[in-house]
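K.L.:
Structure of the sequence below:
(chains A and B)
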Amino acid sequence: MPKDGGIGASSKRREDVRFLTGVGNYTDDIDIHGQAHVFFLRSDVAHGTLNAVDTSAAEAMPGVVKVFTGADFEGVGSIPCGWQVTDKHGEVMQEPAHPVLAQGKVRHVGEPIAAVVAETLEQARDAAETINVDIAELPAVVDMKAALADGAPKVHDDLTSNLCYDWGFVEENKDAVNKAFEEAAHVTSLELVNNRLVANPMEPRVAVGDYSRGTDEHTLFTTSQNPHVIRLLMGAFVLGIPEHKLRVVAPDVGGGFGTKIFHYQEEAFVTFAAKACNRPVKWTSSRTEAFMSDAHGRDHVTKIELALDTDNNFTALRTDTHANMGAYLSTFAPSVPTWLHGTLMAGNYKTPLIYVNVKAVFTNTVPVDAYRGAGRPEATFQLERVVDKAARELGVDPIALRRQNFITEFPYATPVAVEYDTGDYHATMDKLEEMIDLSGFEARRKASEANGKLRGVGVNCYIEACGIAPSNLVGQLGARAGLYESATVRVNATGGLVVMTGSHSHGQGHETSFAQVVAEMIGIDENMVEIVHGDTSKVPMGMGTYGSRSIAVGGSAMVRATEKIINKAKKIASHLLEASESDIELKDGAFSVAGTDKSVAWGDVTLAAYVPHNYPLEDIEPGLEETAFYDPSNFTYPSGAYACEVEVDPDTGKVTIESFAAADDFGNIINPMIVTGQVHGGLAQGIGQALLENCAYDDNGQLLSGSYMDYAMPRADDLPMFDVDHSCQTPCTHNPLGVKGCGEAGAIGSPPAVVNAVVDALRSAGKDVTHIDMPLSPDRVWAAMQ
Amino acid sequence: MYNFDFEKPGTVADAVAALGADEAQALGGGQTLIPTLKQRLASPTVLVSLKGIAEMQGICAGDDGALCIGGATNHATVAAEGGAYPALAATAAHIGDPAVRNRGTIGGSLANNDPSACYPAAALGSGATIVTNTRQIAADDYFQGMFTTALEEGEIITEVRFPVPEKANYQKFVQPASRFALVGVFVAKYADGVRVAITGASNDGVFRWAEAEAALSANFAPDALDGLSLSGDDMISDLHGTGAYRAHLCGVMTKRAVAAAA
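P.N.:
Purely as a prediction, here's the structure:
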């Protein structure tokens, strides 16, 4: 019997009322009296020396308030990077300065050179066209291996090369890994590309800066997944504004997918310009600007090798990856190909020896950073592709080969520094096999062949690390931030609650699912709980939402704060009931004395807290408001098994997804409907990566896929009806809700299933195809068949 | 978008007069022009909308049995009311998305002559006549390369006349991002022969595939195309496909169009 409220209920998303009826409050909906608009003049060359920027004509144009160039920001800090990676020689990474507006050089198409603040956006744009920019174009570096060649043009003249770092993990295991390869009965190797993606949230980035001369207070409204992080980075490192004079608000945000984690120049600009112009200043990204200024995702080139013994046990894994950083280090960019990628290379398997080498490279392209999954999709893709290839080479069933090598005992310490707390990989694979009717596949293949089509099936597993992250651990790994989460629970006199969470919802439905948790704990109706997020003036210092961390870390903070509330409320109740506190029980929103019929309602207790006429004032303070900060002791490890069935048109190379099944283990689940929706969205993005999306540059660093005319987003008719199951549940052992997180799984687990399926289809027609690089667009699939 | 004046004349004569102004630009459904203006890639001084000209709207049957479509008729109308020429109505029904089909016009599409648009293939494949305010232009003379047509400055497409074939079909293989034709093939079988027009593929815009026409005129069957192929050397090669791939698709889509022709 499905519940109609609380944990485990598919409560309808309360936020959808405003999102779906046009009454949301997005950043672009914010217009402040007296506001001016900024237009950024962006570089149209990928690499060049900035000789001069003449703004004199622009300054005289109608409506212009002020024109800014890099020179205006000389006393201002660099856009900071939040993670410092140490390389395999013990040296810290090369870390270039990242100016708000270009200084001396431009390093990617889209880099802002000048900014015009005017009464209207059109006036700002008119004026920007009169700015005379003298750029001496330099040869661009786009290809990562070419960027590392001797004599390659340097993106940053003050760095020794285009190599950001050369990371080895685990360096101490390297010799043992190499030895295992020498002794292997079989080695499967594969070279592959993890294609560069553009996140493309429905809402483009927006930033509005405001400044009060009267109070010397700055406010930034911005499309952010983590307003406190922006406040810290921008206030402390860029503009030198103390946090108590800087408020950052991220109201309704229309999707982030990682690209709205990072601190961007435009945020610093509008905050700076609001004071310089003594006017609120607003910027709304056009879609064209988004393509060339939002941090991109993925962009790895990898060689992976898997060693097996004579019994087909995995004995060692070795990878060599080049990871594109783009022209500058975006906020968390260095962590993605290292700690979010190397630590997941064990996957679901008990491979005893693993060595991961990652060279991070600067190129004349838009910075690359975390995008839904961030490092974990790259790890999963290469691992699950090489396992599939190994099964083919050895002539064994790919599912059986996986099962044979599954980790089965937990906790399990991998050779790549993490310890999985729980999981049951056979259970999710069993569930998957139940869902996909493999026994009927040959008949379906024959039916496809009768129609002139090729049919293939692809299966893969995945593991990910969510609930980011233990602060002391990530501090050792180079994070320049703590990764706890915060919550304040404020109970009102009449019993309603407001929860102020440091997590940030930008489509995930926190306002619904978080309320379910608190309502369940107290035994009250969900509608008595309001969730507030996204405003540094309301919420305690929190770290925001990314890495599928919100319910695992933010939810845990909220549980801890609610526990404090309940403990205090029990004290009040024991006073009101004239009973011992230890005898007080909370059930269904009422406190009772164990073994008696004496009870007092939740609302009577909360009223007593604020109208303390009859109250234990000598023991406890009035009021009912508690804050908790929760720092996780480990990551969480969602896992699952996915299967994709495709048809390929051999005449055109067109791939059609016939079915897609996902069996996930997310631990305990708060709202099954929301979890299903998260998986659907992740699958759409993963399938988008596998079949459609490709952010491409030409050799001169010009963006070839700079609009939806050339960048293919997945649409409803590209996707099948998904078959999603999350009934396999091994609860997390180290957080109070036993939850693992579900936001990224679909995007992590789906690309290898699609590629495995297409390779299977082509091989069924006798084509000697072992791999096709994503996206598997018709032209690529057709070319692979020739 | 730069500033411009806007005029919406009610007659072809008034539109022609308005287009006589310096840097004037005709506006059909605006499905290409408006995005171009928004990107500041064009700066006409006056936009002359052709949407208000009643004599350029709608579909009728010509005395010779041709289907006559007013130049300002949108795609949705052709899809809904062009049943006398089913393959043409089906072509119109699959241009862009509903918003595009309710705004975009046949005259606008043919005047723009995008190398990946559908209507140029339909018009050339049908041997249509492009009627303007001053003359009648045979489709074979009208299309002169990518975004290039026989239209003179200020000349307006008032009507397009499609001879109705015995059988016809349009097969579009879409570019995954834009969903324009990566290759689109329009095949039409008339009493005096078969026409095959291909859009999306060539650097020279829409073109007729003479060898295929000859083979199909002799034997209107997919097999008749066996052994025929086009060279990819002069075909568009981009992110979505090489010239060789497009050349290959020309063959595949032509066969499919023949097989599906009705």
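K.L.:
need the residues of the stretch 151-300 of chain A near chain B, please.
P.N.:
residue A:288 (C-beta under 8 Å from any C-beta of the partner chain). (Each C-beta comes from the backbone N, C-alpha and C, glycine too.)
K.L.:
where does residue B:1 land on pLDDT?
P.N.:
Note for residue B:1: predicted pLDDT of 89.
K.L.:
Grab the nearest non-local neighbour of it.
P.N.:
residue B:37 (4.8 Å; C-beta to C-beta, 6 or more residues apart in numbering or on different chains).
K.L.:
so the one you found sits in a strand?
P.N.:
No - counting by DSSP: H, G, I helix; E, B strand; the rest coil, residue B:37 is located in no strand; its state is helix.
K.L.:
Spatially, which residue comes closest to residue B:179, not counting chain neighbours?
P.N.:
residue B:96 (7.4 Å).
K.L.:
tell me the contacts of that neighbour?
P.N.:
B:31, B:75, B:104, B:179 (C-beta atoms under 8 Å, 6 or more residues apart in numbering or on different chains).
K.L.:
ok, now with 10 Å
P.N.:
Contacts for residue B:96 (C-beta atoms under 10 Å, 6 or more residues apart in numbering or on different chains) come out as B:31, B:75, B:102-104, B:109, B:117-118, B:178-180.
K.L.:
same thing with residue A:485?
P.N.:
So residue A:485 contacts A:467-468, A:501-503, A:540-545, A:549-550, A:552-558, A:560, A:628-632 (C-beta under 10 Å, 6+ apart).
K.L.:
Now the buried members of the residues you listed.
P.N.:
A:467-468, A:501-503, A:540-545, A:549-550, A:552-558, A:560, A:628-630, A:632 (16 or more other C-beta atoms under 10 Å in any protein chain shown).
K.L.:
Show me the residues you listed that map onto helices.
P.N.:
A:555-558, A:560 (DSSP state H).
K.L.:
Count the residues that sit near residue 17.
P.N.:
Picking chain A for this. 11 (other C-beta atoms under 10 Å in any protein chain shown).
K.L.:
oops, I was thinking of chain B
P.N.:
15.
K.L.:
Quickly find the element holding it.
P.N.:
helix B:12-19 (DSSP states H and E).
K.L.:
Show residues contacting the following helix or strand past that helix.
P.N.:
Later in the chain than helix B:12-19, the nearest helix or strand by DSSP H and E is strand B:24-27. Strand B:24-27 has contacts (C-beta under 10 Å, 6+ apart) with B:4-8, B:15-19, B:33-34, B:36-37, B:42-51, B:71, B:105, B:107-108, B:111, B:151, B:153-157.
K.L.:
Let's see that with 8 Å instead.
P.N.:
B:15, B:18-19, B:33, B:42, B:44-51, B:108, B:111, B:154, B:156.
K.L.:
I'd like to know which elements whichever strand or helix holds residue A:166 is packed against.
P.N.:
Per DSSP H and E: residue A:166 is located in strand A:163-169. Secondary-structure packing of strand A:163-169 (3 or more C-beta pairs under 8 Å, 6 or more residues apart in numbering or on different chains; DSSP states H and E): strand A:353-362.
K.L.:
Can you give me the buried ones in the following helix or strand past the strand it packs on?
P.N.:
Of the helices and strands lying after strand A:353-362 in sequence (DSSP H and E), the nearest is helix A:376-394. For helix A:376-394, the neighbour count (16+ other C-beta under 10 Å) marks A:376-392 as buried.
K.L.:
tell me the mean pLDDT for helix A:376-394?
P.N.:
Helix A:376-394 carries an average pLDDT of 98.
K.L.:
That helix: how far from the chain's middle?
P.N.:
Centroid separation for helix A:376-394 versus its chain: 23 Å, with C-alpha atoms, centre = their mean, to the nearest Å.
K.L.:
could you give the angle of it to strand A:353-362?
P.N.:
Angle, helix A:376-394 to strand A:353-362, by axes from the mean of the first three to the mean of the last three C-alpha atoms, to 10 degrees: 130 degrees.
K.L.:
Please save the CA atoms from helix A:376-394 in CSV.
P.N.:
These are the backbone C-alpha positions of helix A:376-394, laid out as CSV (Å, rounded to 0.1, in the frame of the first residue of the first chain):
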residue,chain,number,x,y,z
ARG,A,376,32.3,9.1,-12.8
PRO,A,377,30.7,8.9,-16.3
GLU,A,378,34.2,9.0,-17.8
ALA,A,379,35.4,6.2,-15.4
THR,A,380,32.3,4.1,-16.0
PHE,A,381,32.4,4.5,-19.8
GLN,A,382,36.0,3.3,-20.3
LEU,A,383,35.7,0.5,-17.7
GLU,A,384,32.4,-0.9,-19.0
ARG,A,385,33.5,-0.6,-22.6
VAL,A,386,36.8,-2.4,-22.0
VAL,A,387,35.0,-5.1,-20.0
ASP,A,388,32.6,-5.6,-22.9
LYS,A,389,35.4,-5.8,-25.4
ALA,A,390,37.2,-8.3,-23.2
ALA,A,391,34.1,-10.5,-23.2
ARG,A,392,34.0,-10.4,-27.0
GLU,A,393,37.7,-11.2,-27.3
LEU,A,394,37.4,-14.1,-24.9
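K.L.:
and after it, which helix or strand comes next?
P.N.:
Next along from helix A:376-394, by DSSP H and E: helix A:398-405.
K.L.:
and the direction of that following helix versus that of helix A:376-394, what angle?
P.N.:
110 degrees.
K.L.:
residues near the closest residue in space to residue A:583 that isn't next to it in sequence, how many?
P.N.:
Nearest residue to residue A:583, sequence neighbours excluded (C-beta to C-beta, 6+ apart): residue A:594, at 4.7 Å. Residues within reach of residue A:594, counting by other C-beta under 10 Å, total 11.
K.L.:
what do you get for residue A:412?
P.N.:
Neighbours of residue A:412 under the rule other C-beta under 10 Å: 16.
K.L.:
pLDDT at the residue nearest to residue B:179, what is it?
P.N.:
96.
K.L.:
tell me which parts of chain A are close to chain B?
P.N.:
Counting by C-beta under 8 Å from any C-beta, the positions of chain A adjacent to chain B are A:122, A:125, A:129, A:288, A:651-654, A:691-692, A:694, A:696, A:704-705, A:708-713, A:777-779, A:782-783.
K.L.:
and if we set it to 10 Å?
P.N.:
Residues of chain A lying near chain B by C-beta under 10 Å from any C-beta of the partner chain: A:122, A:125-126, A:129, A:286, A:288, A:649-654, A:691-694, A:696, A:698, A:704-705, A:707-715, A:718, A:775, A:777-780, A:782-783, A:786.
K.L.:
Need the buried ones from the residues you listed selected in ChimeraX.
P.N.:
Buried members of the residues of chain A next to chain B, defined by 16+ other C-beta under 10 Å, are picked up in ChimeraX with:
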select /A:122,125,126,288,649,650,651,652,653,654,691,692,693,694,696,705,710,711,712,714,718,775,777,778,779,780,782,783
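K.L.:
So residue A:761 sits against residue A:445, correct?
P.N.:
Yes - using C-beta atoms under 10 Å, residue A:761 makes contact with residue A:445 at a distance of 8.5 Å.
K.L.:
For the closest residue to residue A:319 other than its chain neighbours, which residues are in contact?
P.N.:
Counting by C-beta to C-beta, 6+ apart, residue A:319 lies nearest to residue A:304, which is 4.6 Å off, once chain neighbours are set aside. For residue A:304, the contacting residues are A:188-192, A:317-321, A:345, A:356, A:379, A:381-383, A:385-387, A:389, by C-beta under 10 Å, 6+ apart.
K.L.:
Residue A:304 belongs to a helix, doesn't it?
P.N.:
No - counting by three-state DSSP, residue A:304 is located in no helix; its state is strand.
K.L.:
give me the beta-bridge partners of it?
P.N.:
Beta-bridge pairing for residue A:304 (DSSP bridges): residue A:190, residue A:319.
K.L.:
where do the helices sit along the stretch 101-250 of chain B?
P.N.:
Assignment of helices within the stretch 101-250 of chain B using DSSP state H, counting those that start in this stretch yields the ranges B:106-112, B:119-125, B:139-142, B:210-218, B:243-260.
K.L.:
Is it correct that residue A:573 falls within a strand?
P.N.:
No - remark: residue A:573 does not belong to a strand; assigned using three-state DSSP, it is helix.
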